[in-house]
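K.L.:
Quick one: sequence plus predicted model below, questions after.
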Amino acid sequence: MGEVSTPTAFTKGHGTRNDFVLVPALDGSLDLSADQVVALADRHGGIGGDGVIRVVPTAAATEDAVRAYAGEASWFMDYRNADGSVAEMCGNGTRVFAAYLRREGLETADEFSIATRTGVKTVRFVGDLIAVNLGSWRLADPETADAKGFDSLVHLPGIEPLSALSLDLGNPHTVAALPEAVDLAGLGLHLAPSVNPEPSHGTNVEFVRPLGPAHLAMRVYERGVGETLSCGTGACAAALATSFWAGELETSREWTVDVPGGRLRVRALPGQEVELAGPAVLVADGVTALV
């Protein structure tokens, strides 16, 4: 006998073309294996996406640390990378998740909280954009940064090693500064960049090019996925790193970050927190056979 498939509802959405498959598990009973996540995210044999988000009541989360947030947030964004691995959270994914909750009537206010593996995030609907307080951030290891604000090197084939800075936004980021001689659009990101020293749990790698005051362009290679057209936490990391290099880390200035999939806004908040704002689009609903 062959494997039995289960009809499973899904919604496809994206935030600046960083795309996700959302799977509702509104009573908490539907879980997803790593293989099922890979199948859903497969762009040739599945729905296709940079990640998969299970929509589950916070009180029904399998992780004790997440269930502890049930009094603050009704819904948990159970995020998985396209390779099936569990991820802490996703900046663009939070906006798509919030848009889904609003559309389905699971949340009705203009401001509400959602639970992630890195804590509770506050979401605000502002016109056509959704703003998310991603919470606290920090330099991954401030003691190792040199006088110019770099703590690591990023290696790509065909170019000199790039100086970089590592930040923790609940998930790991390494932001590489591009010298003028290196073309951002010409970077070969079909293979994973190598980072020295190598982070123990991997890292997302952002490549940034300043375009003007508080305005930069970015490309990203995401851990467990590959190059994506946008990364919300990566945009925040890029803006914060650029601010740090410019010696204005404590300001509350708003940054514009252009990614291949569109434009994001990043704003520093008091208490060393950061807010991400951008669009979110739900593009399709359907039923798929989940094996």
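P.N.:
Now that the structure is in, tell me what you want to look at. This one's a predicted model, so the numbers in the text were calculated from it and none came from an experiment.
K.L.:
quick one: the residue positioned nearest the centre of the chain and residue 253, what's the gap?
P.N.:
Most central in the chain under CA atoms, centre = their mean is residue 90, positioned 3.0 Å from the mean C-alpha point. Residue 90 is 24 Å from residue 253, where distance means CB to CB, to the nearest Å. Placement of C-beta: from N, CA and C, glycine included.
K.L.:
Give me the below-cutoff pLDDT ranges for the stretch 151-291 of the chain.
P.N.:
By pLDDT under 70, the low-scoring segments of the stretch 151-291 of the chain are 250-251.
K.L.:
can you give me the strands in it?
P.N.:
152-155, 162-168, 172-177, 194-196, 204-212, 215-222, 226-228, 254-259, 262-269, 273-278, 281-290 (DSSP state E, counting those that start in this stretch).
K.L.:
how about the fifth one: buried residues?
P.N.:
So that's strand 204-212. Within strand 204-212, the residues scored as buried using 16 or more other CB atoms under 10 Å are 204-209.
K.L.:
Also the longest one?
P.N.:
Of the residues in strand 281-290, those with enough neighbours to count as buried (16+ other CB under 10 Å) are 282, 288, 290.
K.L.:
Same question for stretch 231-244.
P.N.:
Buried, per 16+ other CB under 10 Å, within stretch 231-244: 231-244.
K.L.:
what about the closest residue to residue 182 other than its chain neighbours, distance to residue 188?
P.N.:
Distance criterion CB to CB, 6 or more residues apart in numbering; nearest residue to residue 182, sequence neighbours excluded, is residue 159 at 5.8 Å. Noted for residue 159: a distance of 9 Å to residue 188, by CB to CB.
K.L.:
of those two, who's got more company?
P.N.:
residue 159 (16 against 11; other CB atoms under 10 Å).
K.L.:
care to break the chain down by domain?
P.N.:
6-135+279-290, 138-271 (automatic domain parsing).
K.L.:
From residue 228, how far off is residue 245?
P.N.:
For residue 245, the distance to residue 228 - CB to CB - is 24 Å.
K.L.:
Which one's more surrounded, these two?
P.N.:
Taking other CB under 10 Å, residue 245 and residue 228 do not tie; residue 228 has more neighbours (25 against 18).
K.L.:
hang on, the earlier thing: and the pLDDT at the residue nearest to the centre of the chain?
P.N.:
pLDDT recorded at residue 90 is 94.
K.L.:
Enumerate every residue touching it.
P.N.:
18, 20, 51, 53, 77, 79, 171, 232-233 (CB atoms under 8 Å, 6 or more residues apart in numbering).
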